[in-house]
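Novice: For reference, the sequence and a predicted model appear below.
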Amino acid sequence: MLKCVYIAPDEFLAITLREMLKSRKIYAEIRRFETSWLDGLPKVMKGGWGEVLVDEKDVQEAETFIHEFLYDSKPE
């Protein structure tokens with residue numbers, strides 16, 4: 001079963017995180033909240049553009065990689 005490990009604010013970050021996880025041998029998918037006919041309403045209601053999903057067994061490892069990627073790799 002797939003679990004959400006990150007709610008991405010935009011499509012670019014969702015794709016970037018999915019590909020980063022795949023490069024670390026973690027299967028990842030994106031579930032998009034946005035639909036053209038709702039014009040941004042899901043983003044407001046759900047707090048982001050979409051979810052990055054991984055298998056239950058990979059949740060902890062994926063969350064660690066995402067945190068390192070987003071926060072620990074920034075230059076000083």
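Specialist: Good, I have the coordinates.
Novice: Below-threshold pLDDT in the chain: ranges please.
Specialist: Residue ranges of the chain with pLDDT under 70: 34-47, 73-76.
Novice: SS state for the residue nearest the centre of it?
Specialist: With distances taken as CA atoms, centre = their mean, the residue of the chain nearest its centroid is Val52 (2.9 Å). Under DSSP: H, G, I helix; E, B strand; the rest coil, Val52 falls in the strand class.
Novice: For it, which non-adjacent residue is closest in space?
Specialist: The shortest distance from Val52 to any non-neighbouring residue, by CB to CB, 6 or more residues apart in numbering, is to Tyr6 (4.4 Å). Just so you know, the C-beta spots here come from the backbone N, C-alpha and C atoms, and that holds for glycine as well.
Novice: And the one you found, its phi and psi?
Specialist: The phi/psi pair for Tyr6 (degrees, to the nearest 10) reads phi -160, psi 140.
Novice: wait, isn't it in contact with Glu51?
Specialist: Yes. Assessed by CB atoms under 8 Å, Tyr6 is found in contact with Glu51 at 7.1 Å.
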